[in-house]
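A.B. asks: Sequence and predicted structure below; questions after.
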Amino acid sequence: MRQHSLRMSPITIAIAATSLGTVGSLPITTIAQAQDSLIEEVVVTARKRQESLQDVPVAVTALTPNQLERGSIQRTTDIDKMVPNVELHQTYIGSESLSASIRGIGFDDIEKSLEPTVGVAVDGVFMASNSGAVFDLFDVESVEVLRGPQGTLFGRNTIGGVINVTRSKPTGEWGIKLQGTFGDQDMTDIKGVLNMPLGANGGIKLAFKNIESDSHVYNTTLNGRREFRDSTTVSATIRYDFTENTSVMFTYDDYDHDTIAPDNLMVGPFPEPLTGYLNSQSNDYKTSPQLNPLEAYMWGDNSTLQVTHNWAGHQFKYTMGIMDYEEEVHESSWGSSTVFFPVNRDQEFKQTSHELQISSDSDGPLNYVAGFYYLEADSYITSGPIQPFTVNHEAEAQALYGELTYDFNEQWSMTLGARYTEEDKNMQTYSWPPVVGDADRIAGNIDPSVLQMAATPEFSDDNLTYRAVIQRNFSKGMVYASYSSGFRSGGFFNRGTSPAEVEPYDSEEVDSIEIGLRSNPTENTQLNLTYFNSEYTDMQLPLITPASFPECGKGGAEEDAAGITCSFIANVGETSMDGLEVEGIWMPTSALTLRAALGTLDASYDSYDYAGRDIANVAQLLYAPELTWSIGAEHISQVFGGELILTANYSFQDEVFTQTPWAIYDPATFPKITIDDWESFDVSATYLRDTENGTFKVILYGTDVLEDGNRVQRRYTTGSFTWAELAPRQQFGVTVGYEF
């Protein structure tokens, strides 16, 4: 492994000098917001305990329920409109699958054997797969986006960061919250929450969500729009306080996502499919000729148990999470007007996790958090008919972690943390020759006597990650410098159909330095700055080759009309990146709030080994925008006996590169592999009216109101063909709600 030293650019030195100079010029007191500050204090759990956002030496953005609702942040994929250096989109070939990239470290695939680079946690339970990570943000208490490696407290596969979602808890009182949203494409979104007491010491919360809509893409072959979303979730939460120090909460979710994805666009091979793409491009991507629908169904249930006990300035917490679901995917046209490379897949997935944690809440100089974590995840997939395979995959991981903070005095403090992880994986994979003339066939129906390949690879690893922080408080905030490390678990590529493709690869690792400023210069302003510098080694990168390449192990013996390729994942890359993140709030008056965010990213491959050849000068990082920014405003006034809240947010994301076989990429002959830069202007008007019987709410909203049509949000090149997925632009709707 080639070692890298973390580089310090001129901007690093400038920020450090400015921050320390500011510290030296201000009188020293403990960090505390002025009691008459206009800016509301936000509490986060970025370090596994409750702290003020401005006190936490972590690059974290917290979004409140009001920001989400009034900013038209309806699903997890919308979060990137308000958070710097974050890119999110849905991968429609999977079931409710989230493709997430933070600070240029992204993951854009759907296989259960592959580990995400950004962790998603709901109510303290880490999701081991990105399937199901696109979900509604109704009835949430908070959303926190932690940028940079979070390997110490959150563990494996948080190498890019963490999206931490906490839902509301049962109130223990009678209450109801009902909401209906109606918008373009016949969208109907009905949601409700019912709270009720459970004796004198507990509460029950029942929740319901259902959304239905048609596609935003007009199908020119069918002369109409397909159905799009049909998703229902029912949840029940019970909380009971056995004593004033001991509480138990259990949540059960049942969900059924019957999604027919928006029609794609075939971009290659040439020439026939290109006609539909060019026609769609000329009318703002409003149309697609796709013959057969892309169906991605998911149904299952989740269970979460949390037990907390407070004793002598300590909190003991136990969290158990179970996710158990099935998936079914059917695709046979890929945006073309014909049947092309049919794929039928059945999948099953179950994960069980346990976390036991102890944390302190002392007035003294020393506080800590420590814990033990265990995860078991099993998956099964059978797929066919062109590349038939069946795979069983099992993963087991366990970790011990701890982090302590010591306050030397009112000005200086230090944090030290570490996490030790052990994991084991095994896979049983089987593949068969292509099945001709049976488009409905999956591998599970194929005669075992014609088995082409069987492999049982194994993977084991242990890893130690660290975090060290020095923090300096001053009268208006604090500055910090931190070093942290993280890793993304190694494993197997379960889509491989040759022995070489399913060979195990190692974990990738990151070392990162952050320098940050968290400040409230005045009672009505807030300014947070973060500089980061990261070095990634042993990066897991995809290698796509023609089937005729010797590395494929096929020797060209299996060519077909689809031009079968080989897809590998190997530790062939090293990357350097740095950037700046700026977040600010200004409240000129108590009625007006202005927000702004800016993220810059300078990232490139130091090396990218392809069959002994370095292609670092050709390859580009996946979904890594060099610039992201947003600016928003919110105004509150009293009208007609109620409260009128006007909001607007303008966001920008720079051009990004998508998946392609870089070693054989030719810009003259290959389809386009970039997503153009895009902006979104979102507006809403919220009217709230309090009465003796509760609060009535009406929201008129528009997203991306300046742009008509659709935009390309994802491109994927398999090596033999390419397709593009479309996201809607201008959308309008109304939300009507009531709660007491």
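C.D. replies: Now that the structure is in, tell me what you want to look at. Owing to the predicted nature of the structure, the values given are computational and were not obtained by experimental measurement.
A.B. asks: Ser604 reaches Glu574, doesn't it?
C.D. replies: No - in this structure, Ser604 is not within contact of Glu574 by CB atoms under 8 Å, at 10.2 Å. For the C-beta atoms, the positions are set from N, CA and C on the backbone; glycine is no exception.
A.B. asks: Between those two, which has more neighbouring residues?
C.D. replies: Glu574 (21 against 15; other CB atoms under 10 Å).
A.B. asks: Listing partners with orientation, what would you give for the strand or helix carrying Gly119?
C.D. replies: If you go by DSSP states H and E, Gly119 is part of strand 118-122. Sheet pairing of strand 118-122 (DSSP bridges) gives strand 125-126 (antiparallel), strand 161-167 (parallel).
A.B. asks: now those strands as a markdown table including distance to Ile631, mean neighbour count and mean pLDDT?
C.D. replies: Output for the strands paired with strand 118-122, formatted as a markdown table (distance: least, CB to CB, whole Å; neighbours: other CB atoms under 10 Å; pLDDT from 0 to 100):
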| stretch | distance to Ile631 | mean neighbour count | mean pLDDT |
| --- | --- | --- | --- |
| strand 125-126 | 33 | 22 | 95 |
| strand 161-167 | 22 | 23 | 96 |
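A.B. asks: Now tabulate these in JSON lines and tack on distance to Pro433.
C.D. replies: Formatted as JSON lines, the strands paired with strand 118-122 follow (distance: least, CB to CB, whole Å):
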{"stretch": "strand 125-126", "distance to Pro433": "39"}
{"stretch": "strand 161-167", "distance to Pro433": "41"}
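A.B. asks: wait, which of those strands is closest to Asp136?
C.D. replies: Closest to Asp136 of these is strand 161-167 (CB to CB; 10.6 Å).
A.B. asks: Give the buried residues for the following helix or strand past that closest one.
C.D. replies: Where DSSP H and E defines the elements, the next helix or strand beyond strand 161-167 is strand 175-183. By 16 or more other CB atoms under 10 Å, the buried positions in strand 175-183 come out as Gly175, Lys177, Leu178, Gln179, Thr181, Gly183.
A.B. asks: For strand 175-183, which strands pair with it and how are they oriented?
C.D. replies: Strand 175-183 sits in its sheet next to strand 187-197 (antiparallel), strand 731-739 (antiparallel), going by DSSP bridges.
A.B. asks: Next secondary structure after the longest one?
C.D. replies: I take that to be strand 187-197. Under the assignment DSSP H and E, the closest C-terminal helix or strand after strand 187-197 is strand 202-219.
A.B. asks: who does the longest strand along the chain touch, helix- and strand-wise?
C.D. replies: When the chain is parsed with DSSP state E, its longest strand is strand 565-589. Packing partners of strand 565-589 (3 or more CB pairs under 8 Å, 6 or more residues apart in numbering; DSSP states H and E): helix 10-25, strand 525-546, strand 592-610.
A.B. asks: try 7 Å this time
C.D. replies: Contacts defined by 3 or more CB pairs under 7 Å, 6 or more residues apart in numbering; DSSP states H and E place strand 565-589 against strand 525-546, strand 592-610.
A.B. asks: Please find the angle between the direction vectors of that strand and strand 592-610.
C.D. replies: Between strand 565-589 and strand 592-610, the angle comes out at 160 degrees (axes from the mean of the first three to the mean of the last three CA atoms, to 10 degrees).
A.B. asks: Strand 525-546 and strand 565-589, what's the angle between them?
C.D. replies: In terms of direction (the same axes, to 10 degrees), strand 565-589 departs from strand 525-546 by 170 degrees.
A.B. asks: What confidence value was assigned to Pro27?
C.D. replies: Residue-level confidence at Pro27 comes out at 34, pLDDT.
A.B. asks: what does the one 10 residues further on give?
C.D. replies: What the model reports as pLDDT for Ser37 is 54.
A.B. asks: One more: the one 3 residues further on?
C.D. replies: Note for Glu40: predicted pLDDT of 85.
A.B. asks: swap in Cys552?
C.D. replies: In the prediction, the pLDDT value recorded for Cys552 is 67.
A.B. asks: and what of Gly24?
C.D. replies: 36.
A.B. asks: try the one 10 residues further on
C.D. replies: Looking at Ala34, its pLDDT reads 35.
A.B. asks: just use 54 as the starting number from now, easier for me
C.D. replies: Taking 54 as the first residue, the last one we looked at is Ala87.
A.B. asks: which ones are touching the spatially most central residue of the chain?
C.D. replies: In the chain, the residue lying closest to the centroid (CA atoms, centre = their mean) is Ala153, at 4.2 Å. Contact analysis of Ala153 by CB atoms under 7 Å, 6 or more residues apart in numbering lists Leu141, Gly159, Phe160, Pro169, Val171.
A.B. asks: now do 10 Å
C.D. replies: Contacts of Ala153 were listed using CB atoms under 10 Å, 6 or more residues apart in numbering, and they are 129-130, 132-133, 139-142, 159-161, 169-173, 183, 186, 198, 213-216, 676.
A.B. asks: Surely Ala686 and Phe734 touch.
C.D. replies: No - the pair Ala686 / Phe734 is not scored as a contact, 11.7 Å apart, by CB atoms under 10 Å.
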